[in-house]
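A.B. asks: please find the sequence and the predicted model below.
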Amino acid sequence: MWSTLLFFIIFGLCQTGGEEKVPSVFISILVRNKAHTLPYFLTALYNLDYPKERIILYIRSQNNDDDSLKILDEWLEDIIPKKEYHDVIKEFYPCEGSCLLEGEDSAVGWFEEKFTHIMNLRQQSLNMARFSFADYYWSLDADVFLTDRNVLKFLIEENLPVVAPLLRTIGRYSNFWAGMTDSYYYLRTPEYSEILDRKKEGCFTVPMVHSSVLVNLRSMESDLITYSPQNLENYSGPHDDIIVFALSCTFNKIPLYVCNQHEFGMMMMPLDDDQDPKEDMEILEATLLEATVKGEIMTVDELFVSHLSPPPQRTKLGFDEIYMINLDRRPDRRERMEYNFLHLGLDFRHFSAIDGRELDSAYLEENGIEMLPGFSEPYHGRPLKMGEIGCFMSHYRLWQDIVSNNYDMVLIFEDDIKFEPYFIKKLESLLQELMEKRESWDLVFLGRKRTRDAEEPWLEGSNQLVKVDYTYWTLSYILSGAGARKLIDAEPLGKMLPVDEYLPIMYDRHPNTTWSSHFPTRNLNALSVEPLLVYPTHYTGEDGYISDTEATEIIEAESEAGGEDKPPCSSKDTCVKDEL
């Protein structure tokens, strides 16, 4: 009787409801020559919003000829005593003699024996995860930067067999394929760009994911997943760890997914086989800047500060001044731009913008500002907004500053831009040519919006400068002192229109001849770098898009005749300005 009662008591306790534990996760990290990325990688890993007591860390590192092992040891010495993680398994192998693998000439590049080595390591870690009875196996490369702290929770909640978060790079490369050829290699498809650019959002079945891959080990079918071609019957595909993994899923009808509902993070663009390993530092710098476009500035734990490379020495690159126009009420943009300039090594001057929200009729009267007769904004069909006046006056005051200081050449940035990779190298190359062609230009665009039907021939003898046509935006441009004087001498305040309409008038490429007729001297020599070096951080409709010009009042003005030959705006793609 008592034994029967005891049984029911125990059975009842076992059936009592309660909060369930979150799934356990085995995280596999292979590290080789990642001293430059580890401070950012480990900081992001530690900051993940997921119970550490449900995580097993497995870190294997060998064949390093940098400080990877030193950084890992210092980090583990800091976190292991805290006993936060369920377990930490480390396998570290210092070099004995050469740090190269057998058959290697350089740590960069791939060959069959190296693929075999990586396959064995990944398969070993997968086997360990299964042996540990973990619910999930997460293969995570050490040059992945997870900027979304909730990424692991999110992926687990999707409850998919194999899933990866979309990770961007400084180019079009990412951690998934949207197509695969019959011989199991990469196939370019339209869907790739749709997913990468988040034109459509969700979790999508794809033939390949890598670099950050979460496998649900609770399903029976997961036992069929492998990195080892020997485990696949009659395997005849490429000898490549990520392809073997993907095909083991495909052959066993296990779908792979990539999810892009959020900006989950960044990853490093891989080096080509013939590149110097030192070039990875340049890729890292560009990646850190690109990460600030869609997310926050990537920081490192104080533990790693001593391992960071010092920023480059500040320089003006030969300019008399480098300006950054910024509204005082947008310290977030200023902070981001200051971070970018620090990593680029640019010595800049903050230039406070005129805030359209603070303008009124008294300001307009005091400065003699009147709208150009007959002006109607080409796309929206409306008069000027106070934000557009503030934007114009910001540039106008800057032009006055150039003239009053007798500057010969300056560089101007707005604060909502992103820099192309290798920006400084490309700018230095451009400057060398501009110095040789001083008589050919007053203004050179580094960032703008081309119109679809623009006719822009190459400047004679140049392969990086075009004669600019009607264009939008003033994201960034080089301006000479003579050019600034021309822009001021045209007395635009009494016949104002947006600054990116005014500039094309002044270099005589504006399609509205009626507007242009109000400025009889149109002799600004304008060029543009091609391809562009600067782009906007956001476009209209994207997450995070905020317009400081559009979100202001329209000025009261009587429209006069004379605007009938305004620029054609039959389609949004042709004329929408995506005001920033």
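C.D. replies: Arrived safely. Numbers count the residues shown, from 1 in each chain.

A.B. asks: Glu53 in helix, strand or coil?
C.D. replies: helix (DSSP: H, G, I helix; E, B strand; the rest coil).

A.B. asks: C-alpha coordinates for the longest strand along the chain, PDB please?
C.D. replies: Identified as the longest strand of the chain according to DSSP state E is strand 471-480. Output of strand 471-480 as PDB, limited to C-alpha atoms (Å, rounded to 0.1, in the frame of the first residue of the first chain):
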ATOM      1  CA  THR A 471      21.400  64.700 -60.200                       C
ATOM      2  CA  TYR A 472      20.000  64.700 -56.700                       C
ATOM      3  CA  TRP A 473      21.400  64.700 -53.200                       C
ATOM      4  CA  THR A 474      24.400  66.400 -51.600                       C
ATOM      5  CA  LEU A 475      25.700  63.500 -49.600                       C
ATOM      6  CA  SER A 476      29.300  64.400 -50.100                       C
ATOM      7  CA  TYR A 477      31.300  66.600 -52.500                       C
ATOM      8  CA  ILE A 478      34.700  68.200 -52.900                       C
ATOM      9  CA  LEU A 479      34.400  72.000 -53.500                       C
ATOM     10  CA  SER A 480      37.000  74.500 -54.500                       C
END
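
A.B. asks: which elements pack onto that strand?
C.D. replies: In terms of contacts (3 or more CB pairs under 8 Å, 6 or more residues apart in numbering; DSSP states H and E), strand 471-480 is packed against helix 386-404, strand 409-414, strand 443-450, helix 499-506, strand 534-536. C-beta here means a position set from N, CA and C on the backbone, and glycine is covered the same way.

A.B. asks: how about residues contacting it?
C.D. replies: For strand 471-480, contacts defined as CB atoms under 8 Å, 6 or more residues apart in numbering pick out 319, 391, 395, 399, 402, 408-414, 416-417, 434, 441-451, 454, 499-500, 503-504, 509, 528, 533-536, 577-578, 580.

A.B. asks: tell me the angle it makes with helix 499-506.
C.D. replies: 70 degrees (axes from the mean of the first three to the mean of the last three CA atoms, to 10 degrees).

A.B. asks: out of the helices and strands packed on strand 471-480, which gets nearest to Leu284?
C.D. replies: Nearest to Leu284 among the helices and strands packed on strand 471-480 is strand 534-536 (20.3 Å), distances taken as CB to CB.

A.B. asks: now that closest one: average pLDDT?
C.D. replies: Averaged over strand 534-536, pLDDT sits at 96.

A.B. asks: give the partner strands of it in its sheet and their orientations.
C.D. replies: Here strand 534-536 has these sheet partners by DSSP bridges: strand 417-419 (antiparallel).

A.B. asks: what's the following helix or strand after the strand it pairs with?
C.D. replies: Counting by DSSP states H and E, the next helix or strand C-terminal to strand 417-419 is helix 423-436.

A.B. asks: which parts of that next one are buried?
C.D. replies: For helix 423-436, burial by neighbour count (16 or more other CB atoms under 10 Å) applies to 423-424, 426-427, 430-431, 433-434.

A.B. asks: now these in a markdown table, with distance to Phe41 and pLDDT?
C.D. replies: Formatted as a markdown table, these follow (distance: CB to CB, whole Å; pLDDT from 0 to 100):
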| residue | distance to Phe41 | pLDDT |
| --- | --- | --- |
| Phe423 | 24 | 97 |
| Ile424 | 25 | 97 |
| Lys426 | 28 | 97 |
| Leu427 | 30 | 98 |
| Leu430 | 34 | 98 |
| Leu431 | 35 | 98 |
| Glu433 | 39 | 97 |
| Leu434 | 39 | 98 |
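
A.B. asks: kindly reformat the helices and strands packed on strand 471-480 as TSV containing mean neighbour count.
C.D. replies: Formatted as TSV, those follow (neighbours: other CB atoms under 10 Å):
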stretch	mean neighbour count
helix 386-404	21
strand 409-414	23
strand 443-450	22
helix 499-506	23
strand 534-536	20
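
A.B. asks: export those to TSV and tack on distance to Val162?
C.D. replies: Converted to TSV, those look like this (distance: least, CB to CB, whole Å):
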stretch	distance to Val162
helix 386-404	48
strand 409-414	43
strand 443-450	40
helix 499-506	47
strand 534-536	34
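
A.B. asks: to Leu289, which of these lies closest?
C.D. replies: Ranking the helices and strands packed on strand 471-480 by proximity to Leu289 (CB to CB) places strand 534-536 first, at 11.6 Å.

A.B. asks: the longest strand of the chain pairs with which strands, parallel or anti?
C.D. replies: strand 409-414 (antiparallel), strand 443-450 (antiparallel).

A.B. asks: show the average pLDDT along the longest one.
C.D. replies: Averaging pLDDT along strand 443-450 yields 96.

A.B. asks: please report phi then psi for Ile322.
C.D. replies: phi -120, psi 120 (degrees, to the nearest 10).

A.B. asks: quick one: list the elements packing against the helix or strand in which Arg122 is found.
C.D. replies: In this structure, Arg122 sits in helix 112-131 according to DSSP H and E. The helices and strands touching helix 112-131, judged by 3+ CB pairs under 8 Å, 6+ apart, are strand 25-31, strand 55-62, strand 136-140, helix 241-251.

A.B. asks: now the angle from it to strand 25-31?
C.D. replies: Counting by the same axes, to 10 degrees, helix 112-131 points 160 degrees away from the direction of strand 25-31.

A.B. asks: still on that earlier bit, of all the strands paired with strand 471-480, which lies closest to Asp276?
C.D. replies: Among the strands paired with strand 471-480, the nearest to Asp276 by CB to CB is strand 443-450 (27.8 Å).

A.B. asks: give me the residues contacting the closest one.
C.D. replies: Under CB under 8 Å, 6+ apart, the answer for strand 443-450 is 411, 417, 427, 430, 434, 456, 465, 468-469, 471-480, 483, 500, 503, 507, 524-529, 532-536, 577-578.

A.B. asks: what about that strand, distance to the chain center?
C.D. replies: Here strand 443-450 is found 20 Å from its chain centre; the criterion is CA atoms, centre = their mean, to the nearest Å.

A.B. asks: which SSE is immediately downstream of that strand?
C.D. replies: Following strand 443-450 in sequence order, the next helix or strand is strand 465-467 (DSSP H and E).

A.B. asks: and that next one, what other elements does it pack with?
C.D. replies: helix 423-436, strand 526-529.

A.B. asks: repeat the analysis, applying 10 Å as the threshold.
C.D. replies: When contacts are defined as 3 or more CB pairs under 10 Å, 6 or more residues apart in numbering; DSSP states H and E, strand 465-467 sits against helix 423-436, strand 443-450, strand 526-529.

A.B. asks: take these and lay them out in TSV including distance to Met298.
C.D. replies: As requested, the helices and strands packed on strand 465-467 are exported to TSV (distance: least, CB to CB, whole Å):
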stretch	distance to Met298
helix 423-436	18
strand 443-450	23
strand 526-529	28
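
A.B. asks: to Ile79, which of those lies closest?
C.D. replies: helix 423-436 (36.2 Å).

A.B. asks: neighbouring contacts of the closest one?
C.D. replies: Identification of contacts with helix 423-436 by CB atoms under 10 Å, 6 or more residues apart in numbering yields 282, 285-286, 289, 312, 315, 317-319, 340, 343-346, 409, 411, 419-420, 422, 440-441, 444, 446, 459, 461-465, 476, 478, 480, 527, 529, 531-534.

A.B. asks: just confirm Gln261 contacts Glu201, I think it does.
C.D. replies: Yes - Gln261 lies in contact with Glu201 (CB atoms under 10 Å); the separation is 5.1 Å.

A.B. asks: which neighbours do the two have in common?
C.D. replies: Counting by CB under 10 Å, 6+ apart, the contacts common to Gln261 and Glu201 are Leu166.

A.B. asks: tell me the gap between the helix holding Arg122 and the middle of its chain.
C.D. replies: Mean C-alpha position of helix 112-131 versus that of the full chain (CA atoms, centre = their mean) differs by 31 Å.

A.B. asks: again with stretch 313-324
C.D. replies: Centroid displacement of stretch 313-324 relative to its chain, using CA atoms, centre = their mean, is 24 Å.
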